[in-house]
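>>> Sequence and computational prediction follow.
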Amino acid sequence: MPDTAGRDSANHGDFRLSITQALGDQLADALDDLTPAPLTESNLSKLEDRPGVYQLYRNGEFVYVGKADKSLPTRIQKHLRKVSGRQGISLSEMTFTCLYVAEDFSALAPEKLLIKNYKERGEIPWNNNGFGNNDPGKRRDETVVKENHFDALFPIDLGRVIPRIKPGMTTIAKLLAHVSKEAPYTFRYEKKKMGSAYKGKIQIPETDLTVDQLFGLIARSLSEAWQIAVLPGRAILYPDNGRTYPSAWRYYRGGQVLDVEPEIGEAGEIPDEPDVADDAD
């Protein structure tokens, strides 16, 4: 007696084509074919203002993959600026590669395809350590930073010189705006309650002042109600003198500069902040 088992399904079956997997593999292959270049202003100036994907390397190790919806040089420049303002890391260690992609290709989230591809290989450690996150805002100032967070590994450098400051008299308001613009990390300060607090005058004694020196000048020029708190990845100025922040490692209170031991949490998963348009964040 002939075996008819399974004969009803012998003439049909399922075929599944993973287009996204194929795209991710092709993108990864195309990027792997490129030679990393030093992460410098000069090299970024050679790039076209076009959307694309990019990769960052530190001392030859592949550490981060990202995308730019509008302009690759604008996006990568933000990472250059971020790294330049940190302790324990140097721009001389950093290189990058990038690929231009069609504008409509961004709808396929190419960086997510690459992230999935590379995470399966155990690469891109900076894609899950907070490196790409923007300033999370005041609501996160009291968060305990984890030891594997980019900010804990590479805290902000207060020894950075702030350019284009002229010696002489200026207002607190103008100096705050200038430092906030020129510092290579977030310096966030109270703006809604400025009132007369920022109208006071500050004497700038010389050029080439560091962030540390400028924070000292600012704190001494404000009333005792104010303080500058230095967190691992940013500095903040609010009228909350006496308030402590778990991960803060320095306070400027009037004429005092207080170094404290920050609270750092155990290593763990670090969620990405909600996306902001990448060429405007």
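That came through fine. Numbering: from 1, shown residues only.
>>> Where do the helices of the stretch 51-200 of the chain begin and end?
72-84, 110-119, 150-153, 172-182 (DSSP state H, counting those that start in this stretch).
>>> closest one to Ala229 among the ones you listed?
Ala229 sits nearest to helix 150-153 of all the helices of the stretch 51-200 of the chain, at 13.9 Å, using C-beta to C-beta. Any C-beta I mention is one placed from the backbone N, CA and C, and that applies to glycine too.
>>> That closest one packs against which elements?
If you count contacts as 3 or more C-beta pairs under 8 Å, 6 or more residues apart in numbering; DSSP states H and E, helix 150-153 packs onto strand 145-146.
>>> what's the strand it packs on in contact with?
Contact with strand 145-146 is made by 151-152, 231-233, 247, 262, 264-268, 270, as judged by C-beta atoms under 8 Å, 6 or more residues apart in numbering.
>>> For the closest residue in space to His79 that isn't next to it in sequence, list each beta-bridge partner.
In space, and not counting its chain neighbours, His79 is closest to Leu56: 6.4 Å by C-beta to C-beta, 6 or more residues apart in numbering. On the basis of DSSP bridges, Leu56 takes part in beta bridges with Tyr64, Phe96.
>>> Enumerate every residue touching Leu56.
39, 62-66, 79, 94-96, 126.
>>> Closest to Gly216 out of those residues?
Among those, and counting by C-beta to C-beta, the member closest to Gly216 is His79, at 29.3 Å.
>>> tally of neighbours for the closest one?
20 (other C-beta atoms under 10 Å).
>>> quick one: the strands in the stretch 151-281 of the chain?
In the stretch 151-281 of the chain, the strands defined using DSSP state E, counting those that start in this stretch lie at 168-171, 186-189, 201-204, 227-230, 234-238, 250-253, 256-259, 264-265.
>>> Export these as TSV, with columns for mean neighbour count, distance to Pro73 and mean pLDDT.
Shown next, in TSV, are the strands of the stretch 151-281 of the chain (neighbours: other C-beta atoms under 10 Å; distance: least, C-beta to C-beta, whole Å; pLDDT from 0 to 100):
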stretch	mean neighbour count	distance to Pro73	mean pLDDT
strand 168-171	12	32	94
strand 186-189	19	21	96
strand 201-204	14	33	93
strand 227-230	24	30	98
strand 234-238	20	24	97
strand 250-253	20	34	98
strand 256-259	12	38	97
strand 264-265	16	34	95
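>>> Which one, of those strands, ends up nearest to Pro51?
Closest approach to Pro51 among these is made by strand 186-189 (25.5 Å; C-beta to C-beta).
>>> That closest one pairs with which strands, and in what direction?
Counting by DSSP bridges, strand 186-189 is paired with strand 234-238 (parallel).
>>> For the partner strand, C-alpha coordinates in PDB please.
Only the C-alpha atoms of strand 234-238 are listed here, as PDB (Å, rounded to 0.1, in the frame of the first residue of the first chain):
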ATOM      1  CA  ARG A 234      27.100  68.000  32.700                       C
ATOM      2  CA  ALA A 235      27.100  71.000  35.000                       C
ATOM      3  CA  ILE A 236      24.000  72.800  36.300                       C
ATOM      4  CA  LEU A 237      23.400  76.200  38.000                       C
ATOM      5  CA  TYR A 238      20.300  76.700  40.100                       C
END
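>>> chain center to that strand, what's the gap?
16 Å (C-alpha atoms, centre = their mean, to the nearest Å).
>>> what sits up against it?
Under C-beta under 8 Å, 6+ apart, the answer for strand 234-238 is 135, 138, 141, 151, 156, 176, 183, 185-190, 211, 215, 218, 226-229.
>>> Are any of the contacts of Leu56 buried, and if so which?
39, 62-66, 79, 94-96, 126 (16 or more other C-beta atoms under 10 Å).
>>> which of these lies closest to Glu147?
Trp126 (15.0 Å).
>>> if I pick that closest one, what's in contact with it?
Listed by C-beta under 8 Å, 6+ apart, the contact set of Trp126 reads 56, 63-64, 132, 150.
>>> Those into CSV, with extra columns for pLDDT?
Listed next are those as CSV, based on pLDDT from 0 to 100:
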residue, pLDDT
Leu56, 97
Val63, 96
Tyr64, 95
Gly132, 89
Phe150, 97
